[in-house]
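> Compute the structure for the input listed below.
(one chain, ligands or ions: 1)
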Amino acid sequence: MRLENKRVLITGAASGIGLACAQVMVSHGARVIGSDIDGSALAAVADEAGMAATMPLDVAEEHDWAAAAAEVSRRFGGLDALVHSAGIGVGGDLTTLPLENWRRQQAVNLDGAFLAVKHMLPLLRASGGGSLTLIASVTGIRGSAVFAPYAASKAGVIALARSAAQASAAAGDNVRVNAIAPGVIATPIFDRMEGVDAAASDPIATAARLVPLGRAGQPEDVAHAAVYLASDEAAYVTGIVLPVDGGLLMR
Ligand SMILES: NC(=O)c1ccc[n+]([C@@H]2O[C@H](COP(=O)([O-])OP(=O)(O)OC[C@H]3O[C@@H](n4cnc5c(N)ncnc54)[C@H](O)[C@@H]3O)[C@@H](O)[C@H]2O)c1
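Next up, the predicted model:
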């Protein structure tokens with residue numbers, strides 16, 4: 001029960017890493033508010049995952065964030081942690097990539113992370129402090145020939161997390177901000193990737209080729225790291241980028 005009674009908002013909670021975070025955090029006693037752009041997918045998993053509430057939230061839309069902050073405040077009286085997992089993957093050759101594809105990638109992954117910090121940091125502060133975790137990616141550290149727009153968005157997420165961590169530390173607001181950098185995790189995101197061929201978007205084959213531990217990670221592997229960062233056991237941990245990657249960054 002490492003998150004007993006903590007109020008945790010999770011974005012992208014209908015699938016993959018966000019859903020696993022919801023399930024594992026509930027098992028640790030958290031009151032999880034699940035959000036996703038796909039309301040019907042979220043409704044289909046919410047009860048079984050034990051979510052205390054759900055709300056529709058397109059992370060690229062500022063008015064959705066404002067509404068979510070008001071709703072969380074009204075229904076739960078504050079917030080103790082945010083796990084921002086919602087994201088999409090756009091790849092393609094940089095010399096032919098349409099600008100609109102680049103912008104769609106940044107709008108969801110980078111604007112979304114900025115809006116998460118902008119609207120949830122005040123709520124965490126008003127609640128006496130807490131934890132804000134952004135799901136980045138090892139591609140934000142390594143870069144990626146195949147997923148360049150995605151890698152660039154995640155590099156921005158990492159810099160945003162570190163910047164927010166420094167701002168919070170300077171403000172003395174008792175909010176910790178960290179990023180998790182997953183490697184190759186077997187989730188439906190690989191079926192949804194834009195602009196890449198099927199071979200590049202097969203997590204099992206990719207992991208066999210790239211990951212020292214020789215397998216793709218499971219969403220729960222990332223969720224356990226998210227539990228740690230949201231817990232009081234991480235009270236002295238801020239501004240880090242925690243790889244959960246089977247050793248991928250060693251290569
Ligand atoms: N799976 C991996 O290998 C991997 C590796 C590194 C980082 N990540 C990151 O982990 C996070 C979760 O990815 P996943 O693998 O669980 O993918 P996923 O596709 O299984 O889940 C992503 C969820 O985000 C939701 N979503 C998409 N756009 C949204 C929007 N605009 N607003 C709100 N919700 C939106 C989707 O509906 C989906 O439920 C993403 O940020 C992804 O970039 C994943």
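
> Residues touching the helix or strand harbouring residue 26, excluding its own?
Taking DSSP states H and E as the criterion, residue 26 maps to helix 16-27. The contact list for helix 16-27, computed with Cβ atoms under 8 Å, 6 or more residues apart in numbering, reads 3, 6, 8, 10-13, 32, 34, 36, 45, 49-51, 83, 85-86, 135, 182, 185, 187-189, 218-220, 222-224, 226-227, 230. Every residue, glycine included, has its C-beta placed from N, CA and C.

> do it and the ligand meet?
Yes - judged by Cβ under 6 Å from any ligand atom, helix 16-27 and the ligand are in contact via 16, 17, 18.

> Please determine how far residue 193 is located from residue 232.
37 Å (Cβ to Cβ, to the nearest Å).

> actually residue 190, sorry about that
From residue 190 across to residue 232, the span is 34 Å (Cβ to Cβ).

> Compare the two and say which is more crowded by neighbours.
residue 190 (20 against 11; other Cβ atoms under 10 Å).

> quick one, what contacts the more buried one?
Contacts of residue 190 (Cβ under 8 Å, 6+ apart): 89, 201, 202, 203.

> what does the helix or strand of the chain with the lowest mean pLDDT rub up against?
When the helices and strands of the chain are compared on mean pLDDT, DSSP states H and E, helix 203-210 comes out lowest with a mean of 90. Residues from elsewhere that reach helix 203-210 (Cβ under 8 Å, 6+ apart): 183-187, 190, 199-200, 214-217, 246, 248, 251.

> How about residue 72, nearest residue that isn't a chain neighbour?
Counting by Cβ to Cβ, 6 or more residues apart in numbering, residue 72 lies nearest to residue 79, which is 5.5 Å off, once chain neighbours are set aside.

> And for the residue in the stretch 51-200 of the chain positioned nearest to the ligand, the neighbour number?
For the stretch 51-200 of the chain, the nearest residue to the ligand under the criterion Cβ to the nearest ligand atom is residue 87, separated by 2.4 Å. Residue 87 has 26 neighbours, counted by other Cβ under 10 Å.
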